[in-house]
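> following is a predicted model, sequence given first.
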Amino acid sequence: MSALGFQNSLGIHDNALLVRSERSSVLANNLANADTPGFKARDIDFKAILRGEVAKQSSLHMNETNDRHIPGRAHDEWEKLYRHPLQPSIDGNTVEENVENKEFTENAMAYNASFEFLNGKFKGLTGALRGE
């Protein structure tokens, strides 16, 4: 089943789903702290992380005790960068609600697209296993 393994079938979309989920948490935290004096908005560089995940897929190996085990993956803490505001506020807070809402909405749409893609892949794999 090496030719039709999960890594070959799903591509990068399972990793993208994990990164998008983490990014949603970071952006939601920014929005929750929009009125907190001195709070610095953070974000995750999705493209840089995905490039790194692709490179790690070929180099990461976990011990398997049985040949039939599915290879695992380690979750690293992704680097959170500080966002530079377009209009800095007097209290030092760098959260701009309109920017955060836009980023959150775009991230949610991309998350749903990756989820739908994975859902279609799983339906296809299930159909193939059933001989449909």
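Thanks, I have the structure now.

> just want the most central residue of the protein.
Centrality entry for the chain: nearest residue to the mean C-alpha point is Val19, 1.3 Å, by C-alpha atoms, centre = their mean.

> what separates the helix or strand hosting it from the chain centre, distance-wise?
Using DSSP states H and E, Val19 falls within helix 13-32. Per C-alpha atoms, centre = their mean, to the nearest Å, the displacement of helix 13-32 from the mean C-alpha position of its chain is 6 Å.

> before we move on, back to that, which pLDDT does the model give the residue nearest to the centre of the chain?
Listed pLDDT for Val19 reads 87.

> just to check, it is in contact with Phe46?
Yes: the pair Val19 / Phe46 is scored as a contact, 5.9 Å apart, by C-beta atoms under 8 Å. The C-beta positions use only the backbone N, C-alpha and C, and glycine is treated the same way.

> the helix holding Val19 - contacts with which helices or strands?
Contact analysis of helix 13-32 by 3 or more C-beta pairs under 8 Å, 6 or more residues apart in numbering; DSSP states H and E lists strand 42-44, helix 46-59, helix 97-130 as its packing neighbours.

> by contact count, what packs against the last one?
Right, helix 97-130. helix 6-10, helix 13-32.

> show the average pLDDT along the shortest one.
The predicted model assigns helix 6-10 a mean pLDDT of 61.

> same thing with stretch 95-106?
Looking at stretch 95-106 alone, the average pLDDT works out to 95.

> grab the CA positions of it and hand them over as PDB.
Coordinates of each C-alpha in stretch 95-106 appear next as PDB, following Å, rounded to 0.1, in the frame of the first residue of the first chain:
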ATOM      1  CA  VAL A  95      -4.400  45.200  16.700                       C
ATOM      2  CA  GLU A  96      -6.300  46.700  13.800                       C
ATOM      3  CA  GLU A  97      -9.700  45.100  13.800                       C
ATOM      4  CA  ASN A  98     -10.400  45.600  10.100                       C
ATOM      5  CA  VAL A  99      -7.100  43.900   9.200                       C
ATOM      6  CA  GLU A 100      -7.600  41.100  11.700                       C
ATOM      7  CA  ASN A 101     -11.200  40.500  10.500                       C
ATOM      8  CA  LYS A 102     -10.000  40.300   6.900                       C
ATOM      9  CA  GLU A 103      -7.200  37.900   7.700                       C
ATOM     10  CA  PHE A 104      -9.500  35.700   9.900                       C
ATOM     11  CA  THR A 105     -12.100  35.500   7.100                       C
ATOM     12  CA  GLU A 106      -9.600  34.700   4.400                       C
END
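
> please consider this matter closed, and thank you.
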